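> Let's see this in three dimensions:
(one chain, ligands or ions: 2)
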Amino acid sequence: MSINKKKGILISLEGPEGAGKTTILQEILPHLEKNGAQVLTTREPGGIRIAESIREIILAPENTAIDGKTELLLFAAARRQHLNEKVLPALAAGKVVVIDRFIDSSVAYQGYARGIGVAETMAINDFATDGLLPDLTLYLDVATEIGLARVMTGDREINRLDLEAAEMHRKVRAGYQKIAAENPDRVKTIDAGQSISEVAEAAMTAITAKFPEIF
Ligand SMILES: Nc1ncnc2c1ncn2[C@@H]1O[C@H](COP(=O)(O)OP(=O)(O)OP(=O)(O)O)[C@@H](O)[C@H]1O
Ligand SMILES: Cc1cn([C@H]2C[C@H](O)[C@@H](COP(=O)(O)O)O2)c(=O)[nH]c1=O
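Ligands and ions are numbered 1, 2, ... in the order given. Okay, the predicted model is just below:
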């Protein structure tokens, strides 16, 4: 399949650990579907069998030997396969695809926080995606300590990246804030320190403002 051809809409949810992406996605899904839009939700890394296998390798707490560039390449490999198998066919069918993490995660985590560099990270990702970018990105911004506390007290498994030093997570957040400042048309920042219902409402407001004819 040609990776550039699309008729649907691609929306990504981004943010540091514990920002609430998964929670908000579930909250807004009924609102997105209300007017008859066909919506596919998925996540990165993962969403299909091969990419979920790559996810296990990347995130296993014992895989501390993975270096930053290997990590970047593994995320990009999972991304390409996920696009080809799941996301692009849905976009070609005219669906609204909402994805929990996409390229901006690589730029924030590997490009900024790991120090690999934004240009280097984008070059690998342009190769993996043939330049596909989301139509809209909702960046859920939350203070590092609040996000990490949510993850540590929540019920999801703790992974290798969660266990990185707080300093790395602070760099992730600063990276996202730069991405948002540099891409104001595509990336909308939402204060994810608010209550779940307030964050969900802000997310729907941003989506409706961008696609008034659909939602
Ligand atoms: N706005 C909020 N206020 C309080 N708690 C929240 C809020 N949003 C999410 N949570 C809680 O924080 C925890 C993490 O939320 P969630 O898994 O949705 O975050 P996430 O961004 O998908 O995390 P990660 O990417 O680190 O997996 C969950 O226990 C969830 O109930
Ligand atoms: C896509 C992508 C993800 N990451 C990191 C971000 C998180 O620490 C994990 C994914 O776990 P989640 O519970 O699904 O949020 O992977 C990254 O560093 N780079 C990426 O491109």
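> what helices or strands is the helix with the most length in the chain leaning on?
The residue-count maximum for a helix in the chain (DSSP state H) belongs to helix 166-182. Helices and strands touching helix 166-182, by 3 or more Cβ pairs under 8 Å, 6 or more residues apart in numbering; DSSP states H and E, are strand 136-141, helix 144-153, strand 187-191. No exception for glycine: its C-beta is placed from N, CA and C like everyone else's.
> So the last one, near ligand 1 or not?
Right, strand 187-191. No. Strand 187-191 is not in contact with ligand 1 by Cβ under 6 Å from any ligand atom; minimum separation 9.3 Å.
> rewinding a little: what would the helices and strands packed on helix 166-182 look like in JSON lines with mean pLDDT and mean neighbour count?
Output for these, formatted as JSON lines (pLDDT from 0 to 100; neighbours: other Cβ atoms under 10 Å):
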{"stretch": "strand 136-141", "mean pLDDT": "98", "mean neighbour count": "23"}
{"stretch": "helix 144-153", "mean pLDDT": "96", "mean neighbour count": "15"}
{"stretch": "strand 187-191", "mean pLDDT": "98", "mean neighbour count": "19"}
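> Please identify which of the ones you listed is closest to residue 38.
With Cβ to Cβ as the measure, strand 136-141 is the member of the helices and strands packed on helix 166-182 nearest residue 38 (17.0 Å).
> what lines up beside that closest one in the sheet?
Applying DSSP bridges, strand 136-141 is found paired with strand 9-14 (parallel), strand 187-191 (parallel).
> Any chance of CSV for these, columns distance to ligand 2?
Listed next are the strands paired with strand 136-141 as CSV, based on distance: least, Cβ to the nearest ligand atom, whole Å:
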stretch, distance to ligand 2
strand 9-14, 9
strand 187-191, 15
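> Which stretches in the chain count as helices?
Using DSSP H, the helices of the chain run over residues 21-33, 49-59, 68-82, 88-92, 103-105, 118-129, 144-153, 166-182, 196-210.
> deepest of the ones you listed, which one?
helix 103-105 (a mean of 25; mean count of other Cβ atoms under 10 Å).
> What is that one packed up against?
Counting contacts by 3+ Cβ pairs under 8 Å, 6+ apart, helix 103-105 packs against strand 9-14, helix 118-129.
> again, only this time at 7 Å
Under the contact criterion of 3 or more Cβ pairs under 7 Å, 6 or more residues apart in numbering; DSSP states H and E, helix 103-105 touches strand 9-14.
> Can I get the strand it packs on in PDB? Just the C-alpha atoms.
Output in PDB follows, covering the C-alpha atoms of strand 9-14 (Å, rounded to 0.1, in the frame of the first residue of the first chain):
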ATOM      1  CA  ILE A   9      -8.400  11.800   9.400                       C
ATOM      2  CA  LEU A  10      -5.500  11.000  11.700                       C
ATOM      3  CA  ILE A  11      -5.600  12.300  15.200                       C
ATOM      4  CA  SER A  12      -2.800  11.600  17.700                       C
ATOM      5  CA  LEU A  13      -2.800  11.800  21.500                       C
ATOM      6  CA  GLU A  14       0.500  12.700  23.000                       C
END
